[in-house]
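Q: Got a sequence here, can you build the structure:
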Amino acid sequence: MEIFESGSRPTRRANEEWFTGTVWQDPVIEAPEPARVRALRVGFEPGARTAWHTHPLGQTLHVLSGVGLVGTRNSAPRLIRAGDTVWIPPGEEHWHGAAPYTGMVHLAIQEAENGQVANWLDKVSDSDYLAVPA
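A: Reported below is the predicted structural model:
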């Protein structure tokens with residue numbers, strides 16, 4: 001058993017190659033093999049978002065606070081709010097982030113396959129991000 005005390009692992013700014021705007025990440029768990037689970041608490045400032053990406057084994061998002069958006073290719077983004085949980089199946093191209101004028105924090109849970117948790121693609125255009133939510 002291992003206990004990670006609160007504050008023992010630093011918050012880090014998300015990689016600008018894969019995110020637009022200011023995004024902060026706090027590690028929750030990166031379980032050692034043979035376990036595959038990985039989880040992060042991710043805080044998006046208003047207007048911030050991920051790039052398009054997929055996950056080899058899918059991803060679960062649980063919104064902790066604020067209002068955000070989640071989008072898939074060729075569809076208008078959908079609003080997500082505190083308490084909502086989103087399941088994204090393996091291989092589905094998607095993005096997620098804060099609403100334009102409201103921050104959002106979510107717990108992102110995914111599993112690694114051969115050490116990989118995400119396949120990063122192109123950045124989300126402003127027109128895709130600002131499309132009228134479904």
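Q: And the strands in the chain?
A: Using DSSP state E, the strands of the chain run over 12-13, 19-20, 23-30, 37-44, 49-50, 53-54, 59-72, 78-81, 85-88, 94-98, 104-111, 119-120.
Q: of all the ones you listed, which lies closest to residue 1?
A: strand 23-30 (12.7 Å; C-beta to C-beta). C-beta coordinates here come from the backbone N, C-alpha and C atoms, glycine included.
Q: Now that residue 96 has come up, it's in contact with residue 51, right?
A: No: taking C-beta atoms under 8 Å as the definition, residue 96 is not a contact partner of residue 51, at 10.5 Å.
Q: Those two: which has the busier surroundings?
A: residue 96 (25 against 18; other C-beta atoms under 10 Å).
Q: excluding its backbone neighbours, what's nearest the more buried one?
A: What sits nearest to residue 96 in space, not counting adjacent residues and going by C-beta to C-beta, 6 or more residues apart in numbering, is residue 70, at 4.3 Å.
Q: With residue 26 instead?
A: The nearest residue in space to residue 26 (C-beta to C-beta, 6+ apart) is residue 41, at 4.2 Å.
Q: what pairs with that neighbour across the strands?
A: residue 26, residue 107 (DSSP bridges).
Q: distance of the residue nearest to residue 21 when sequence neighbours are not counted from residue 41?
A: In space, and not counting its chain neighbours, residue 21 is closest to residue 48: 2.9 Å by C-beta to C-beta, 6+ apart. According to C-beta to C-beta, to the nearest Å, residue 48 stands 14 Å off from residue 41.
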